[in-house]
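# the following comprises the amino acid sequence and a computationally predicted model.
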Amino acid sequence: MFKEFRDFVLRGNVIDLAVAVIIGAAFGAVVASAVENLFTPLIAAIVGEPDFSALDFTINDSVFRYGAFLNALISFVSIAAVIFFLVVKPVNMINERRRRGETAADEPTPEDIELLREIRDLLKQR
């Protein structure tokens, strides 16, 4: 049983997953800091209020704190934008450049195109 557990833990994909989680947590801290220290003050400069958590309204003694929701929503959109523009977009551009670098010879030619080429070559010979 211990040998099976050791084999499971030392399997490549488990270690890769552990590294990805650790790097993801560290990157999450960087992104959260960027949102908190850069983007939120920028939004506050534009809108005029740095923290919306005090915004609320009351109906029948029930308090609706929509400001906290607005803070969470702005944080989510900001984090998503940072991830998209600083990670996803550059990686997609790199992958696209790699794909463009591949030669067309790697892709098989469709059968109908091959037949048309043979017909063309036969007509040229006559």
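Looks like it arrived, so ask away.
# center of the protein - which residue?
The residue lying closest to the centre of the chain (CA atoms, centre = their mean) is Val88, at 4.4 Å.
# next one: that one, what pLDDT does it get?
Looking at Val88, its pLDDT is 84.
# could you do Leu122 as well?
So, for Leu122, pLDDT stands at 90.
# which residues are in contact with the longest helix seen in the chain?
Longest helix of the chain, by residue count under DSSP state H: helix 12-34. Residues outside helix 12-34 that contact it (CB atoms under 8 Å, 6 or more residues apart in numbering): Phe8, Ile79, Val82, Ile83. From N, CA and C alone the C-beta is placed, and that goes for glycine too.
# among these, name the buried ones.
Applying 16 or more other CB atoms under 10 Å to the contacts of helix 12-34, the neighbour count classes Ile79, Val82 as buried.
# dump the contacts of helix 12-34 to TSV, plus secondary structure and distance to Arg117.
Output for the contacts of helix 12-34, formatted as TSV (DSSP: H, G, I helix; E, B strand; the rest coil; distance: CB to CB, whole Å):
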residue	secondary structure	distance to Arg117
Phe8	helix	53
Ile79	helix	53
Val82	helix	50
Ile83	helix	47
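# great, nothing more from me.
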